[in-house]
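Student: my questions concern the predicted model and sequence given below.
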Amino acid sequence: MKRIRVAAAVIRQGEKIFAAQRGYGAAKDGWEFPGGKIEPGETPEEALIREIREELDTEIRVDEKLTTVEHEEPGFCLTMECFLCTVVSGRLTLKEHENAKWLGPEEMDAVDWLPADRTAVAALKDRMGKIR
């Protein structure tokens, strides 16, 4: 089975997190944490910085790892490294996504997350519950 490694940015601003709606591909219209494929020779953190620059015209700081999600889809297995991130500069300009929202803790279930991202949301909720 084909294996795909990706990195996802859980971008925080205060208690809110940034969610983006896919504008293309088989997962079009699903909500996700932005990011993308980890290229050969890249660390997940380097991939995230590159992908967010390309997709959102924004510079981020990768703060810490949140979780690793293993998810199987027909035809491939996805490994998604998820990191808590902060915007350093830029305005999160949508270049590949069709919509985006800042979601507070009580709003995280208000969008239709892609399956792998649902697992990351659960890890985020668990972490937020332990901090409070």
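Tutor: Received, thanks.

Student: next, the residue positioned nearest the centre of the chain: phi, psi?
Tutor: Nearest to the mean C-alpha position of the chain, counting by CA atoms, centre = their mean, stands Phe33 at 2.2 Å. Torsion angles at Phe33 (phi, psi; degrees, to the nearest 10) stand at phi -90, psi 130.

Student: tell me how far the nearest residue to it once chain neighbours are set aside lies from Pro105.
Tutor: Closest residue to Phe33 apart from its sequence neighbours, by CB to CB, 6 or more residues apart in numbering: Ala8 at 4.0 Å. Where C-beta positions appear, they are placed from N, C-alpha and C, glycine not excepted. Distance, Ala8 to Pro105, by CB to CB, to the nearest Å: 19 Å.

Student: settle it for me: which of the two has more neighbours?
Tutor: Ala8 (25 against 13; other CB atoms under 10 Å).

Student: avg pLDDT for the helix or strand encompassing that one?
Tutor: Element membership for Ala8, per DSSP states H and E: strand 2-13. Average pLDDT, strand 2-13: 96.

Student: what angle do the worst-scoring helix or strand of the chain on mean pLDDT and strand 2-13 make?
Tutor: Scoring the helices and strands of the chain by mean pLDDT, DSSP states H and E places helix 115-131 at the bottom, with a mean of 86. Angle, helix 115-131 to strand 2-13, by axes from the mean of the first three to the mean of the last three CA atoms, to 10 degrees: 40 degrees.

Student: tell me what helix 115-131 is packed against?
Tutor: Helix 115-131 sits against strand 2-13, strand 58-73, strand 76-90, with contacts defined as 3 or more CB pairs under 8 Å, 6 or more residues apart in numbering; DSSP states H and E.

Student: I'd like those strands laid out as TSV, including distance to Pro44.
Tutor: TSV is the format used below for these (distance: least, CB to CB, whole Å):
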stretch	distance to Pro44
strand 2-13	4
strand 58-73	8
strand 76-90	4
